[in-house]
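Colleague: Compute the structure for the input listed below.
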Amino acid sequence: MFRIIFLGDIVGKPGRILLREQLPLLRKEFEPDLIIANGENAAGGLGIDISTSNEIFAAGVQVITTGNHIWDKKEINSVLQSNNKLIRPLNFPHGAPGQGYTVHVSERGIPVAIINTIGRVFMPQLVDCPFRAVDVLLEEKLKDVKIRFVDFHAEANSEKVAYGYHLDGRVAVVVGTHTHVQTADLRILPGGTAHITDAGMCGPLDGVIGIRADYVVAKFISGLPTKFDVPTGATQLCGIFAEIDESSGKTVRCERIYRTFEAMAA
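Modeller: From the prediction side, this is the model:
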């Protein structure tokens, strides 16, 4: 069996500290062949930069997926072009820096395709259809890769669930990201694809999806712009574990990862 850990959106410094401290324990518990994490909020809660991407890789993550905040730190363009283990959504228009998928070869020599796509419902980005984009990729470039993992970064639950059914039987896992609140619907679909609407986030527990609650509440009440800061204090670690049959590329077992921790030292 091939084992994958995926960790939801890493938010700010608390998320990076959590990753550094907890990933060795997760490795011991699950013995994964591959660790993937969404890092698009790793730098101060918005975007990812060179130092934070290096920190995530150094913690033991082997592939970083992203989403709508990928372009918030312009310096990341150089990393996207030089490191194919940091990927951006596949369905950004042609000419965007970087690539929307990578093939990682495990220590046991097993290739795994990691694909990143972004939704269109309630999302501001002008992107190509994520359904058609992933179809083309699977049919033209990944026919020979049995194990395929998809991070679908999207807002609408309906779009995320539909995406799981669209890919059922053709990929091992479809995990939703972006909304930062872990959903309770992780299951294996009829065709053998594990699906969860949202994996949740890794970072502050006491806030509004990773941002100080008082700032967000004030924004909702006033309707005026306000700064967004990442709070300190208690943290949460969210993600999933999937065990995949290497011959069929289908998931045979999966479970949610959800843990909370008291405030840690910086």
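
Colleague: all contacts plus neighbour counts: C-alpha atoms, from now on.
Modeller: Will do.

Colleague: so who does the residue positioned nearest the centre of the chain touch?
Modeller: Most central residue of the chain, judged by C-alpha distance to the mean C-alpha position with Cα atoms, centre = their mean, is Asn38 at 3.1 Å. Contacts for Asn38 (Cα atoms under 8 Å, 6 or more residues apart in numbering) come out as 7-10, 64-66, 177.

Colleague: doesn't Ala172 make contact with Thr193?
Modeller: Yes. Counting by Cα atoms under 8 Å, Ala172 is a contact partner of Thr193 at 4.8 Å.

Colleague: Mind checking which of these two has more residues around it?
Modeller: For Thr193 and Ala172, the more surrounded residue by other Cα atoms under 10 Å is Ala172, and the numbers stand at 30 against 25.

Colleague: Looks like the more buried one contacts Arg148 (just checking).
Modeller: Yes. Contact between Ala172 and Arg148 holds when scored by Cα under 8 Å: they sit 5.4 Å apart.

Colleague: Between those two, which contacts overlap?
Modeller: Counting by Cα under 8 Å, 6+ apart, the common neighbours of Ala172 and Arg148 are Gly249.

Colleague: And what about Ile5, helix, strand or coil?
Modeller: Following DSSP: H, G, I helix; E, B strand; the rest coil, Ile5 is assigned to strand.

Colleague: Then Val134?
Modeller: Following three-state DSSP, Val134 is assigned to helix.

Colleague: Same check on the one 4 residues further on?
Modeller: When states are read from three-state DSSP, the local structure at Leu138 comes out as helix.

Colleague: now the helices: where do they sit in the stretch 101-250 of the chain?
Modeller: Under the criterion DSSP state H, counting those that start in this stretch, the stretch 101-250 of the chain carries helices at the ranges 130-140, 157-167, 213-222.

Colleague: hmm, back to that, now for the contacts of Asn38, which pair is the farthest apart?
Modeller: Taking Cα to Cα as the measure, these span a maximum distance of 12.6 Å, between Ile64 and Thr177.

Colleague: what residue ranges in the stretch 151-266 of the chain score low on pLDDT?
Modeller: Regions of the stretch 151-266 of the chain meeting the criterion pLDDT under 70 cover residues 264-266.

Colleague: mind redoing it with 80?
Modeller: With pLDDT under 80 as the threshold, the stretch 151-266 of the chain has low-confidence stretches at 227, 263-266.

Colleague: same question, the stretch 1-150 of the chain
Modeller: Under the criterion of pLDDT under 80, none of the stretch 1-150 of the chain is flagged as low confidence.
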